[in-house]
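> Provided below are the primary sequence and the corresponding predicted coordinates.
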2 protein chains.
Amino acid sequence: MTSRPGPQRIRKLPDERRAEILRTAARIALEEGLERITLRRVADELGVRPGLIGHYFPAADNLVSEAFADAATRERDALLPADEEDRPPTERLARFLARLDDPSSRDLSRLWLNARHLSRFREGLREVVDGQEAVTRGALTALVEDGVKSGEFTTDDALGAALHILVVVDGIGAYANGYTDVGHPAVDGMATATAERVLGLHPGALRGTATATATATD
Amino acid sequence: MTSRPGPQRIRKLPDERRAEILRTAARIALEEGLERITLRRVADELGVRPGLIGHYFPAADNLVSEAFADAATRERDALLPADEEDRPPTERLARFLARLDDPSSRDLSRLWLNARHLSRFREGLREVVDGQEAVTRGALTALVEDGVKSGEFTTDDALGAALHILVVVDGIGAYANGYTDVGHPAVDGMATATAERVLGLHPGALRGTATATATATD
DNA sequence: CGCGGTATTGGTCGCATGGCCAATTGGTTA
DNA sequence: TAACCAATTGGCCATGCGACCAATACCGCG
């Protein structure tokens, strides 16, 4: 029981501590919402005093903004992994849409809904949200362009096609806090169907590929 | 100056006072957000004491929920006026989409974004949001069915078509708090283009009609 | 090993919120 | 005109928030 009292305070390198705080805040944002990121809450999770969080983030708003950026970046990387970049665009896009359809991505939809609303009141967050939107848009546009180059996709407006897909994805995500699914089959596969249409693919081209390849590679 | 002191307190009929409170809260919600609805804030606007608001709404959450319902209902009635019900469905739908495109409907998009996010934390609000969604969905579905009956629209799934349009509308609305428009022409007319497509109309069918008829009738 | 810098603590302050309650007063009714 | 009762007031409380700051103690460096 009385092994060694040990230090009452655990002193960490600033960079390490800051990253730790950010990671914790990002997790809270994803699981419970950006409003739940408070100095006291983050401090409790890390077993430190609230003042310490304030020391690393003198303006609490910045903690919220950076936490969102962190969470959004990680989640996007999971949706469009860099280690898939040698795969055919059709497969990458199919996986992207399949992962979005997965119930586990509900948290991500909630987070975006959260951030987009909260950015109404917090200027700093609004800039971050806009930036993250731009990155996602750019990544999807690049994916579309790859597909056009390889002849898999057909469109003369890669950005327009990407925007179209994203509007549908965000539109479906708007219901992420609702009770259940809308229940109508039209909504379930709408993002995939939209992608197939605006990219000149035959219906189902992004559906079979997704599941089949995913199962095969795992 | 010393006309008549008059009563210090203005005593109103409960129904009247309650409606007045609700109307004020709804306006605040639309202009500044649901979070700005506080007992003190509403009381200030009406020139009464905060306790009075608490008297009519013992649980402040209910004030927020009912204010949203009020605002959403009024706005929907403005988008799909009852006094247009004798007009051809194509025209009604064209006007609906045109009004949504109008910058003044940005507040409405913001409100829905607001409510959908906030409903994550407030059970009561979530039910109201779901209900309002159902009403809108029903109204648009009925409009689509009218068009199918009259032969103007072509679809074998009126609800599916309505849902499709609403997903796009909500998707575009997700950016209502962003800095400016996305700037890409694809996004601007996306809702109208989607409606034309899922209802078997020729491109532009909902565009020309909207402006032309609107100008002609005014 | 001891020293110094700074990461960390512990506490306080001001502000805003919702909820609650006894006292008051306005308008209606007898 | 007088009495009644409910609409309205005024004030208080507990809670949770961010910001701030002097004191402390950990840990790396000399």
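Noted; the coordinates are in hand. Please read all numbers here as calculations on a predicted model, not as lab measurements.

> Does chain B have contacts with stretch A:53-69?
No. Figure legend: stretch A:53-69 not in contact with chain B (C-beta under 8 Å from any C-beta of the partner chain); closest approach 13.3 Å. C-betas here are computed from N, CA, C, even on glycine.

> do stretch A:139-153 as well
No. Judged by C-beta under 8 Å from any C-beta, stretch A:139-153 stays clear of chain B, getting no closer than 10.7 Å.

> Take that stretch, keep the C-alpha atoms, and write them as CSV.
Output of stretch A:139-153 as CSV, limited to C-alpha atoms (Å, rounded to 0.1, in the frame of the first residue of the first chain):
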residue,chain,number,x,y,z
ALA,A,139,-9.5,15.5,-51.4
LEU,A,140,-12.7,14.3,-53.0
THR,A,141,-12.1,16.4,-56.1
ALA,A,142,-8.7,14.9,-56.5
LEU,A,143,-10.1,11.4,-56.2
VAL,A,144,-12.7,12.3,-58.9
GLU,A,145,-9.9,13.6,-61.1
ASP,A,146,-7.9,10.5,-60.7
GLY,A,147,-10.9,8.5,-61.8
VAL,A,148,-11.5,10.7,-64.8
LYS,A,149,-7.8,10.3,-65.8
SER,A,150,-7.9,6.5,-65.5
GLY,A,151,-11.1,6.5,-67.5
GLU,A,152,-13.2,5.0,-64.7
PHE,A,153,-15.3,8.2,-64.2
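
> average pLDDT for that stretch?
Averaging pLDDT along stretch A:139-153 gives 98.

> That one: which residues count as buried?
By neighbour count on 16 or more other C-beta atoms under 10 Å in any protein chain shown, the buried set for stretch A:139-153 is A:139-141, A:143-148, A:152-153.

> Same question for stretch A:64-73.
So for stretch A:64-73, counting by 16+ other C-beta under 10 Å, buried means A:64-72.

> pLDDT on it, on average?
On average, stretch A:64-73 scores 98.

> and that stretch, is it in reach of DNA strand D?
No. On the criterion C-beta under 7 Å from any atom of the strand, stretch A:64-73 is out of touch with DNA strand D, staying 8.0 Å away.

> got the contact list for that stretch?
Stretch A:64-73 has contacts (C-beta atoms under 8 Å, 6 or more residues apart in numbering or on different chains) with A:22-23, A:25-30, A:34, A:37, A:57, A:111-112, A:115, A:118, A:122, A:124-125, A:127-129, A:131-132, A:135.

> next one: stretch A:46-61
With C-beta under 8 Å, 6+ apart, stretch A:46-61 has contacts from A:14, A:17-18, A:20-21, A:24, A:37-40, A:42-43, A:63, A:66, A:122, A:124-125.

> next one: stretch A:178-195
A:93-94, A:97, A:100-101, A:164-165, A:168-169, A:172, A:175, A:201, A:203, A:206-207, B:116, B:119, B:126, B:129-130, B:133, B:157, B:159-160, B:163-164, B:167.

> Could you pick out which of those are located in helices?
A:93-94, A:97, A:100-101, A:164-165, A:168-169, A:172, A:206-207, B:116, B:126, B:129-130, B:133, B:159-160, B:163-164, B:167 (DSSP state H).

> if I pick the closest residue to chain B within chain A, what's in contact with it?
Nearest residue of chain A to chain B: residue A:171, at 2.9 Å (C-beta to the nearest C-beta). Contact partners of residue A:171, counting by C-beta under 8 Å, 6+ apart, are B:166-172, B:174.

> helices or strands up against the helix or strand containing residue A:147?
Using DSSP states H and E, the element containing residue A:147 is helix A:123-149. In terms of contacts (3 or more C-beta pairs under 8 Å, 6 or more residues apart in numbering or on different chains; DSSP states H and E), helix A:123-149 is packed against helix A:60-79, helix A:89-101, helix A:106-118, helix A:158-173.

> Next, the angle helix A:106-118 makes with the first one.
Angle between the axes of helix A:60-79 and helix A:106-118 is 140 degrees (criterion: axes from the mean of the first three to the mean of the last three C-alpha atoms, to 10 degrees).

> again, but for the second one
Helix A:89-101 runs at 80 degrees relative to helix A:106-118, counting by the same axes, to 10 degrees.

> list the helices and strands helix A:89-101 packs on?
Right, helix A:89-101 is packed against helix A:60-79, helix A:123-149, helix A:190-198, helix A:205-217 by 3+ C-beta pairs under 8 Å, 6+ apart.

> can we see that at 10 Å?
In terms of contacts (3 or more C-beta pairs under 10 Å, 6 or more residues apart in numbering or on different chains; DSSP states H and E), helix A:89-101 is packed against helix A:60-79, helix A:106-118, helix A:123-149, helix A:158-173, helix A:190-198, helix A:205-217.

> So which bits of it are buried?
So, applying 16+ other C-beta under 10 Å, buried residues of helix A:89-101: A:89-100.

> quick one: what helix or strand has the residue in chain A that DNA strand C sits nearest to in it?
Among the residues of chain A, residue A:51 lies closest to DNA strand C, at 2.8 Å counting by C-beta to the nearest atom of the strand. Counting by DSSP H and E, the element that carries residue A:51 is helix A:50-56.

> where are the low-confidence patches of chain A?
Along chain A, segments meeting pLDDT under 70 span A:1-5, A:180-182, A:208-218.

> can you list the domains in it?
A:13-67, A:80-217 (automatic domain parsing).

> quick one: the last one to chain centroid distance?
Think domain A:80-217. Distance, stretch centre to chain centre, for domain A:80-217: 11 Å (C-alpha atoms, centre = their mean, to the nearest Å).
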